Structures are given as C-alpha cells and as structure tokens.
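Student: give me coordinates for this.
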Amino acid sequence: MNGLQRTVLWALGLLERYRYIKFGIVGASGTVVNLAVLHFGHEFLFNEIESGYNKPYFSLVLAIALATLNNFTWNRLWTWSDRVKTLEAGEVQPVSLRLLGMEFGQYVTASAFGSGMQYVLTLLLSGSMDYRLANIIAILAASVSNFLANDRWTFKRHRD
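Tutor: Numbering: from 1, shown residues only. You can find the predicted model right below:
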C-alpha cells in the first residue's frame, strides 16, 4: 500500500468516526443548493417582487426549504445511517412513509432555530454586504445548533 492509499484510507476512517465531519460535508452540499436557489430566486424568479425591497425575502424562504430537504435526505442516508432502522433480521425493510414523515418533521423542527437564525442574520447582514456572503455567514452560525438538535433528537441513539 502506497502513501496516497494510506492517506485516503485514513481520511475515510475519519469520516466514519467523526459524525460532525459528515454533517459538514452534507451541509456544504446544502449550502450549494441554498446559494443556487437563493441566487436564482432573487435574480430571476422573484426579481419583480424583491427588487423594491432590495432583500431576498421570498428567495431565502425557498432556498432554506430546499436546502433543508437536501440535508435531511443526505443526513438520513449517510451522517446518521447507523441510527436509522432499515435492517431487521438481516433483511432490508421498506421505509415507511409514516416513519419518514415523522423523521422529516423532527428534522425540520430541530432545525427551526437554525433556519430562523439563518433567515434573520442573512437579512440583517445583507444590508451591509452581498446577500450571498451574508447567507454563507448565517449558515455557518446556524450549523452548530442544527447538528446538536438533530444528533440528540431526530437521529438520537437508540438503546438496545
């Protein structure tokens, strides 16, 4: 095994051991979704409505909603996959829509504080800087509370 292979295996091991790193990677994908939707919404979709305010009110709501859906999906499938019950007696069980709906509801509720913080901070900061940069700062500020709330409630460790 060469040095590059050892480094890659070491990095993959870190990802598996440190849930917050996985959460950060998923969050980065959510940030891309958020920024793309925010830009598209503010510059094109809601341009006529938001140009008078010079702030991305409606675009930001849509961006947060779609990024939340993206993050829930990837966090469920990867970050907290070890805590999601999909195996029973060695067989993969179909995902119940009721369970999925409950988990999504918990995820949204757990993330509500962070989403609210992101919304308010983005609007406040966008008065003195580009709205996209303001949004990135707000996302970073909200990420810690989102991780803790979802780790301890939505995807809490189940005792056997």
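Student: worst-scoring helix or strand of this structure, pLDDT-wise?
Tutor: Lowest mean confidence among the helices and strands of the chain (mean pLDDT, DSSP states H and E): strand 87-88, at a mean of 51.
Student: relative to residue 109, how far out is residue 157?
Tutor: The spacing between residue 157 and residue 109, counted by C-beta to C-beta, to the nearest Å, is 19 Å. Using the backbone N, CA and C atoms, a C-beta is placed for each residue, glycine as well.
Student: so which of these two has more stuff around it?
Tutor: For residue 157 versus residue 109, neighbours defined as other C-beta atoms under 10 Å are more numerous around residue 109 (13 against 9).
Student: my guess is that one is in a helix, correct?
Tutor: Yes. Counting by DSSP: H, G, I helix; E, B strand; the rest coil, residue 109 is located in a helix.
Student: for residue 67, give me the pLDDT.
Tutor: Listed pLDDT for residue 67 reads 97.
Student: what strand or helix carries it?
Tutor: helix 57-74 (DSSP states H and E).
Student: swap in residue 54?
Tutor: Judged by DSSP H and E, residue 54 forms part of no helix or strand.
Student: give the contact list for it.
Tutor: Contact analysis of residue 54 by C-beta atoms under 8 Å, 6 or more residues apart in numbering lists nothing.
Student: helices along this structure, start to end?
Tutor: Using DSSP state H, the helices of the chain run over 3-17, 19-40, 47-50, 57-74, 97-125, 131-149.
Student: spatially nearest residue to the most centrally placed residue in the chain (excluding sequence neighbours)?
Tutor: Nearest to the mean C-alpha position of the chain, counting by C-alpha atoms, centre = their mean, stands residue 71 at 3.5 Å. Among residues not flanking residue 71 along the chain, residue 30 sits closest, at 4.2 Å (C-beta to C-beta, 6 or more residues apart in numbering).
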